[in-house]
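Participant: Give me the fold of what follows.
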Amino acid sequence: MKVLLVRPDPGNERFGLGPFFRVEPLGLEYVGAGLIQHGHEPTIVDLRFRPGLRTWLQRSRPELVGISAMHALEFDQVLDLAREIRRLSPGTFILVGGHAAASYAVALEDPAVDAIALDDGEEIMPALADALAARRPLDSVPALRVRTRDGWVDSRPLEERTGLDEVPAPARSLVERLRRQYHCLIFKPVWAVETARGCPFRCSFCSVWQLYDRSFRERSIGAVADDFGAAGQNVFIIDDLFWNHPERSRELAREIKRRGIRKRWVLVQSRCDLVARHPELLEEWRPIAEDIDIFFGLESASDAGLAGLAKDATTNQSLEAARIARSMNYQVTGNFVVDPDWNEDRFVELWDFVRNHGFQRAGYTILTPLPGTKLFEQMRPLLEDQPWFKYDMHHVLWEPRLGARRFFELYAETWKRSMLNLGGQKKWIDWARQIRPLQIPYLTRVLLRTQRMMKTDAYMKEHHAGVRAKAILANTSLPAMTDGLPMDLADGAGSGGAASAAGAPGGAGA
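Facilitator: Numbering: from 1, shown residues only. Next comes the predicted model:
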């Protein structure tokens, strides 16, 4: 079968660090590899770049289209795409998959969609293409939610999740025409590499562990080293939790070094407490690249805040991890979660923590109940009628304790204290010195887009879209809250990574 695999344009990147990340659709490359192995003809379309959907439909004339829904904020774009495909190519079978689709399929149950993938796409999509080509019933395809005349029904679940080594290497050739478009931060082009999938922890705001039932699967040392070696000089390792298995991580580093592989730049995501307990991992990995960035889920400036987010870590571990990493010449980046339930003192606490410990490279996301999490279910009474574009972690989905304007004034001030503020300590010329002259136009465009995160009115302009009457707040019975989280979610552990924010695949029908 001719198959079109579509990575949508997110539509809403007016806030946040999305402009700094244009990561290749690695999940679709794995799906494409599986399709090729089964004898099908896949084409990957990345609608973040030209040409558009109509052109690709005319070129490839697909019998099957798979649309990736990696983030809830893309749901409207995904359904618009499905409807456009249905209009332009009425007989084409349309599947939606990806992390957000598998986490919250009900949002995508639309007449334009034929089926939704509920698990890893590299297993489901080839099986679906085989069934369609042979005209077999779709109930033979596992982990599929199918639209029927009698409504939506589920096929049997996967008997067990496929070992990652059973999946063929990503078909990177399907996106090679766009390679120079893919970038992270100031590095371009960038290759994405996956070494493991899932997370064993239980952060209340993260949907990764809930989708994968806290499982953690790893690719073999040899397979990862092969892929890592085949990638270019700038590599984003998209694992939600890198270094989770210390002995394997050391073995992988030694194998990469044994093969003589060295990169210009590598970005990984990990937990502070893990690094604080295992500094030897950083020592083992440091020779592998000229520069290595670590993205930490810092989350909070206080132990009480970390406990409220079910992080099962301490601020002392955050500081120790940063100290260890900096001592070995790693660049430390991170993220803090800002709660709409904060008072002004909590913002001041965060500002002081950032200033005192040199975390100006951090970003700030607003606590957002993502579909597929227990937090989403707990907060559902407040979330009705909110548009999906506001699930970008830079909008609020209910009225903040301080009122919207004052909250956004303080949130904008928080961003002003980051290194992205061109009116702060790091000027445009300081950024420009870090890159080649040919990259200056790209960097300038990205930095100009990020400046609106420091403008209160930019947030307020969109805030009232979908906001419900304050009377609902007064009349809705909600669970008791701790740092904005239901009490029964504030006693766990965990860390999700930044993979979803960065657009990484994360499996699940990617």
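Participant: Strands of the stretch 401-510 of the chain, residue ranges please.
Facilitator: Assigned by DSSP state E, counting those that start in this stretch, the stretch 401-510 of the chain shows strands spanning 481-482, 485-486.
Participant: what about residue 173, neighbour count?
Facilitator: 12 (other C-beta atoms under 10 Å). Backbone N, C-alpha and C define where each C-beta goes, glycine included.
Participant: If you could redo that for residue 156, that was the one I meant.
Facilitator: 11.
Participant: who does the helix or strand containing residue 76 touch, helix- and strand-wise?
Facilitator: For residue 76, the element it lies in under DSSP states H and E is helix 75-88. Counting contacts by 3 or more C-beta pairs under 8 Å, 6 or more residues apart in numbering; DSSP states H and E, helix 75-88 is packed against helix 53-60, strand 64-68, strand 93-97.
Participant: what is the orientation angle of it with strand 64-68?
Facilitator: Using axes from the mean of the first three to the mean of the last three C-alpha atoms, to 10 degrees, the inter-axis angle of helix 75-88 relative to strand 64-68 is 170 degrees.
Participant: Helix 75-88: which residues count as buried?
Facilitator: By 16 or more other C-beta atoms under 10 Å, the buried positions in helix 75-88 come out as 75, 76, 77, 78, 79, 81, 82, 85, 86.
Participant: List the contacts of residue 147.
Facilitator: By C-beta atoms under 8 Å, 6 or more residues apart in numbering, residue 147 lies in contact with 109, 111, 113, 114, 115.
Participant: And the average pLDDT for the longest strand seen in the chain is what?
Facilitator: Of all segments of type strand in the chain, defined using DSSP state E, the longest is strand 289-299. Strand 289-299 comes out with an average pLDDT of 97.
Participant: hang on, the earlier thing: a markdown table please, covering the helices and strands packed on helix 75-88 and showing distance to residue 374.
Facilitator: Formatted as a markdown table, the helices and strands packed on helix 75-88 follow (distance: least, C-beta to C-beta, whole Å):
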| stretch | distance to residue 374 |
| --- | --- |
| helix 53-60 | 36 |
| strand 64-68 | 25 |
| strand 93-97 | 23 |
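Participant: and stretch 238-252, how far out from the chain's middle?
Facilitator: Taking the mean of its C-alpha atoms, stretch 238-252 sits 19 Å from the chain's own mean (C-alpha atoms, centre = their mean, to the nearest Å).
Participant: quick one, the helix holding residue 76 and strand 93-97 angle?
Facilitator: 170 degrees.
Participant: Distance from helix 75-88 to the middle of the chain?
Facilitator: 22 Å.
Participant: Run through who's touching that helix.
Facilitator: Contacts for helix 75-88 (C-beta under 8 Å, 6+ apart): 6, 8-11, 47, 53-54, 57, 65, 67, 69, 92, 94, 96, 100-101, 107-108, 110, 112-113, 387-389.
Participant: Try it again at 6 Å.
Facilitator: Residues from elsewhere that reach helix 75-88 (C-beta atoms under 6 Å, 6 or more residues apart in numbering): 8, 11, 57, 65, 67, 69, 94, 96, 107, 110, 112-113, 388.
Participant: mind listing the helices for the stretch 51-200 of the chain?
Facilitator: Per DSSP state H, counting those that start in this stretch, the stretch 51-200 of the chain carries helices over the ranges 53-60, 75-88, 99-103, 121-134.
Participant: circling back to that earlier point, so among the contacts of helix 75-88, where is pLDDT lowest?
Facilitator: Where pLDDT dips furthest among the contacts of helix 75-88: residue 11, at 79.
Participant: Just give the closest residue to it, not the sequence neighbours.
Facilitator: residue 77 (4.5 Å; C-beta to C-beta, 6 or more residues apart in numbering).
Participant: still on that earlier bit, the helices and strands packed on helix 75-88: which one's closest to residue 453?
Facilitator: strand 64-68 (26.1 Å; C-beta to C-beta).
Participant: Return the residues in contact with the spatially closest residue to residue 146 that is not a sequence neighbour.
Facilitator: In space, and not counting its chain neighbours, residue 146 is closest to residue 115: 4.7 Å by C-beta to C-beta, 6+ apart. The contact partners of residue 115, by C-beta under 6 Å, 6+ apart, come to 95, 144, 146.
Participant: what's the closest non-adjacent residue to the second one?
Facilitator: This means residue 144. residue 155 (4.4 Å).
Participant: residues in contact with that neighbour?
Facilitator: 139, 141, 142, 144.
Participant: Pairing partners for the longest strand of the chain, with directions?
Facilitator: With DSSP bridges as the test, strand 289-299 is paired with strand 263-270 (parallel), strand 331-338 (parallel).
Participant: So which elements touch the helix or strand just after that strand?
Facilitator: The element immediately downstream of strand 289-299 (helix or strand, assigned by DSSP H and E) is helix 303-308. Contacting helix 303-308 under the criterion 3 or more C-beta pairs under 6 Å, 6 or more residues apart in numbering; DSSP states H and E is no other helix or strand.
Participant: buried ones in helix 303-308?
Facilitator: By 16+ other C-beta under 10 Å, the buried positions in helix 303-308 come out as 305, 306, 307, 308.
Participant: among the contacts of residue 147, which ones are buried?
Facilitator: Of the contacts of residue 147, these count as buried by 16+ other C-beta under 10 Å: 113, 114, 115.
Participant: The second one touches residue 94, doesn't it?
Facilitator: What it means is residue 114. Yes. Counting by C-beta atoms under 6 Å, residue 94 is a contact partner of residue 114 at 5.0 Å.
Participant: Identify the bridge partners of the closest residue to residue 359 other than its chain neighbours.
Facilitator: Distances taken as C-beta to C-beta, 6+ apart put residue 334 closest to residue 359, at 6.3 Å, once the chain neighbours are dropped. Legend: beta-bridge partners of residue 334 under DSSP bridges are residue 296.
Participant: give me every residue that touches residue 334.
Facilitator: Contacts of residue 334 (C-beta under 6 Å, 6+ apart): 296, 298, 362.
Participant: got the contact list for the second one?
Facilitator: Shown here is residue 298, whose contacts under the criterion C-beta under 6 Å, 6+ apart are 318, 334, 336.
Participant: which of the contacts of residue 115 are buried?
Facilitator: Applying 16+ other C-beta under 10 Å to the contacts of residue 115 flags 95, 144, 146 as buried.
Participant: pLDDT and distance to residue 461 added to these, as CSV?
Facilitator: As requested, the buried ones among the contacts of residue 115 are exported to CSV (pLDDT from 0 to 100; distance: C-beta to C-beta, whole Å):
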residue, pLDDT, distance to residue 461
95, 98, 36
144, 98, 41
146, 98, 41
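Participant: Can you tell me which of those residues lies closest to residue 190?
Facilitator: Taking the buried ones among the contacts of residue 115 together and measuring to residue 190 by C-beta to C-beta, the closest member is residue 95, at 27.8 Å.
Participant: picking that back up, can you tell me which of the buried residues of helix 303-308 lies nearest to residue 120?
Facilitator: Closest to residue 120, out of all of these and judged by C-beta to C-beta, is residue 306, at 31.3 Å.
Participant: Distance of the residue nearest to the closest one when sequence neighbours are not counted relative to residue 273?
Facilitator: Excluding the flanking residues, the one nearest residue 306 by C-beta to C-beta, 6+ apart is residue 300, at 4.7 Å. When C-beta to C-beta, to the nearest Å is applied, the distance between residue 300 and residue 273 equals 13 Å.
Participant: Give the residue from these two that has the larger number of neighbours.
Facilitator: residue 300 (25 against 22).
Participant: ok, that one to residue 358 distance?
Facilitator: Taken as C-beta to C-beta, the span from residue 300 to residue 358 is 17 Å.
Participant: re earlier: now the longest strand of the chain, how far from the centre of its chain.
Facilitator: With C-alpha atoms, centre = their mean, you get 16 Å for strand 289-299.
Participant: Output that strand as PDB, nothing but the C-alphas.
Facilitator: Coordinates of each C-alpha in strand 289-299 appear next as PDB, following Å, rounded to 0.1, in the frame of the first residue of the first chain:
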ATOM      1  CA  ALA A 289      30.800  15.100  22.700                       C
ATOM      2  CA  GLU A 290      32.500  18.500  22.600                       C
ATOM      3  CA  ASP A 291      29.500  20.000  24.300                       C
ATOM      4  CA  ILE A 292      26.700  18.200  26.300                       C
ATOM      5  CA  ASP A 293      23.500  19.800  27.600                       C
ATOM      6  CA  ILE A 294      21.500  18.200  30.300                       C
ATOM      7  CA  PHE A 295      17.800  19.100  30.600                       C
ATOM      8  CA  PHE A 296      16.600  18.600  34.200                       C
ATOM      9  CA  GLY A 297      13.100  18.700  35.500                       C
ATOM     10  CA  LEU A 298      13.900  21.100  38.300                       C
ATOM     11  CA  GLU A 299      10.100  21.800  38.800                       C
END
